[in-house]
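J.: fold the stuff below for me.
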Amino acid sequence: MTDILRGAQLDLKEGDQLAAIDMGSNSFHMVVARYTLGELHLLDRIREPVRMAEGLDKKGNLSNDARKRATDCLERFRQRLQDIPESHVRAVATNTVRKLNDPQGFLTKAEKSLGQPIEVIAGREEARLVYLGVAHAQPPKKDQLRLVIDIGGGSTESIIGAGYKPIERESVQLGCVASTLKYFGNGKLSRKKYRAALDDVAAEFQHFAGVYRALGWDEVIGTSGTMKAIGAICQAMNLTKGAIIADALPALRDRLLLAETIDEIDLPALHADRRPVIAGGLLIVEAAFRTLGLERVIVSKAALREGVLYDMIERGGDFDPRDRAVDSLMNRFSVDREQVDRVEETLLRMFDQVAKDWALDADDRIMLQRAARLHEIGLGIAHSGYHTHGAYILGNADIAGFSRQQQQFLSALVATHRRKISKSAFDALPDRLVPAARRSAALLRLAVLFHRAHFDQEIPKLVVKARGDELHVDLSKKWIAERPLLTSDLQQEMSDMKALGIDLDVELP
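T.: Residues are numbered from 1 along each chain as shown. Coordinates of the predicted model:
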């Protein structure tokens, strides 16, 4: 199975097929496209109403029925992916998987069903990808500001952007499934319950409404199933011609509330699989219109999965968003770039000597480079325990382009690059990533140790060999004899590195 880190650039050739899987809280989607002349041409689109959020309880437990619906769907998706290289497929999971109390337990079985690694993405990363998909599907005009609203099953993303770049991104824990369950969990509808729920949902938008309205926008675009369904209903009721307008929503709400229960909802053009969640979806749409002062929303066919496809193309080019994000973090925390260059050069020098024996690939190399560039960001907070500060930032910040697993991988490397190694340092990682993480951490520790003095110095002889969990380092005897502090550090490191499960052997004078 392809490594979930996928750090290396994607090698795209004319005519290659790409596939993106969006494991949403309400539906799972898969799109397949052909890469031609730098553009994507859609070949296939599959959607299944899995309703994962429906099976999630307040403690983060997922029902067996929801698990089975998910894995059965992924097995069917797998059949369509048989002729597409694993490196050309990317699967992402969103809000419901983010909320699981044991996400790895679910992901292990889900990845086996799909035959592919699955990335869990944060809400703001989801927002970035949604905006990217919409921007490519409907190219923006020059200097035009857009507000994009994506209503999923478990969360709603709101993005203001210009061109192909998001400026503001927000994700709130409101989705058509979650809101329906929260406010109409017993299946009963009433105007009183709806009004109270609308006030509650609107309050969530208030947290960022002021900033958004001050920035402004030229047009509003809605994406995903709820927006499409409401746009179709408005058109079928002769309220609009496909877009959603403020004046149409009261009539749609009145029609919906003629039903006393969710099962009795009768709206034209409403598909049966959308009926169980349309009440919560309409709540969110009305709240967004009211709080943000919207008048008209254009409905787009593009959403997260298209954004994932275009993000894959960017990763295959010269503008990988992850590299831009790493550079931005380095600037924000005033990282000493000369020191980073020293550490990175030595690190890669060692990596290239042991990569084959330690089964480390190009993806691991790039992730290790990124860890080297970010290992001192914690110094921007405090020197004491700076590795812990840096690890916290990488594990919890919204970093464009990175999945949660990728951030946890970087966080683990930064947390373990100096001092004692915690027994729980790698607990957040999937089991399959732990061996590479431990070995990468060992190399990073040595590279940082060699450049502890923070000034330029040539290491005249540095021969590194790996065998199993053994790491042998051979240095110039004369060079190391002139550095008693480094000698002492390496002696201590031979003891400390055992916590990584690695036996370090350094020939010292």
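J.: mind listing what the residue most central in space within the chain touches?
T.: In the chain, the C-alpha nearest the mean C-alpha coordinate belongs to Ile121, at 2.4 Å (CA atoms, centre = their mean). With contact taken as CB atoms under 8 Å, 6 or more residues apart in numbering, Ile121 is in contact with Val92, Ala93, Thr94, Leu129, Ser403, Arg404. C-beta here means a position set from N, CA and C on the backbone, and glycine is covered the same way.
J.: could you list everything the nearest residue to the fifth one once chain neighbours are set aside pairs with in the sheet?
T.: This points to Ser403. Nearest in space to Ser403, with sequence neighbours left out and distances taken as CB to CB, 6 or more residues apart in numbering, is Glu119 at 3.5 Å. With DSSP bridges as the criterion, Glu119 is bridged to Val92.
J.: so for Glu119, what's the pLDDT?
T.: Note for Glu119: predicted pLDDT of 97.
J.: tell me where the stretch 1-150 of the chain has helices.
T.: Assigned by DSSP state H, counting those that start in this stretch, the helices in the stretch 1-150 of the chain fall at 64-80, 95-99, 103-114, 123-137.
J.: where do the strands of the stretch 351-500 of the chain begin and end?
T.: According to DSSP state E, counting those that start in this stretch, the stretch 351-500 of the chain carries its strands in the segments 462-467, 470-475.
J.: list the buried residues for the first one?
T.: It refers to strand 462-467. Leu462, Val464, Ala466 (16 or more other CB atoms under 10 Å).
J.: what does it contact?
T.: Strand 462-467 is contacted from outside by 346, 349-350, 353-354, 357-358, 439, 471-475, using CB under 8 Å, 6+ apart.
J.: between these, which is nearest Ser422?
T.: Nearest to Ser422 among these, counting by CB to CB, is Arg439 at 17.2 Å.
J.: and Lys13, how close does it get to Leu37?
T.: As judged by CB to CB, to the nearest Å, Lys13 and Leu37 stand 12 Å apart.
J.: ok so, going back, and of the buried residues of strand 462-467, the nearest to Gly154?
T.: Among the buried residues of strand 462-467, Ala466 lies closest to Gly154 (CB to CB), at 43.6 Å.
J.: might you report the residue contacts of the closest residue to that closest one other than its chain neighbours?
T.: Nearest in space to Ala466, with sequence neighbours left out and distances taken as CB to CB, 6+ apart, is Val354 at 3.9 Å. Counting by CB under 8 Å, 6+ apart, Val354 touches Leu360, Arg439, Leu443, Val464, Lys465, Ala466, Leu471.
J.: closest to Leu368 out of the helices of the stretch 1-150 of the chain?
T.: helix 123-137 (21.8 Å).
J.: packing partners for the closest one?
T.: With contacts taken as 3 or more CB pairs under 8 Å, 6 or more residues apart in numbering; DSSP states H and E, helix 123-137 sits against strand 145-151, strand 156-162, strand 165-172, strand 219-223, helix 304-315.
J.: that one: how far from the chain's middle?
T.: Relative to its chain's centre, helix 123-137 lies at 11 Å (CA atoms, centre = their mean, to the nearest Å).
J.: just want the angle from it to helix 304-315.
T.: Relative orientation of helix 123-137 and helix 304-315, computed by axes from the mean of the first three to the mean of the last three CA atoms, to 10 degrees: 80 degrees.
J.: can you list contacts of the longest helix anywhere in the chain?
T.: Counting by DSSP state H, the longest helix found in the chain is helix 191-215. With contacts defined as CB under 8 Å, 6+ apart, helix 191-215 is touched by 145, 147, 158, 160, 167-168, 170, 172-174, 179, 182-184, 253, 257, 279, 283-284, 286-288, 290-293.
J.: just the pLDDT for Asp318.
T.: Asp318 is assigned a pLDDT of 69 by the prediction.
J.: how far away is the residue nearest to the centre of the chain from Val172?
T.: Distance, Ile121 to Val172, by CB to CB: 16 Å.
J.: and this protein, what are its domains?
T.: What automatic domain parsing lists as the domains of the chain is 17-120, 139-299, 320-507.
J.: turn these into CSV, columns for distance to Asp311.
T.: Below are those laid out as CSV (distance: least, CB to CB, whole Å):
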stretch, distance to Asp311
domain 17-120, 8
domain 139-299, 11
domain 320-507, 7
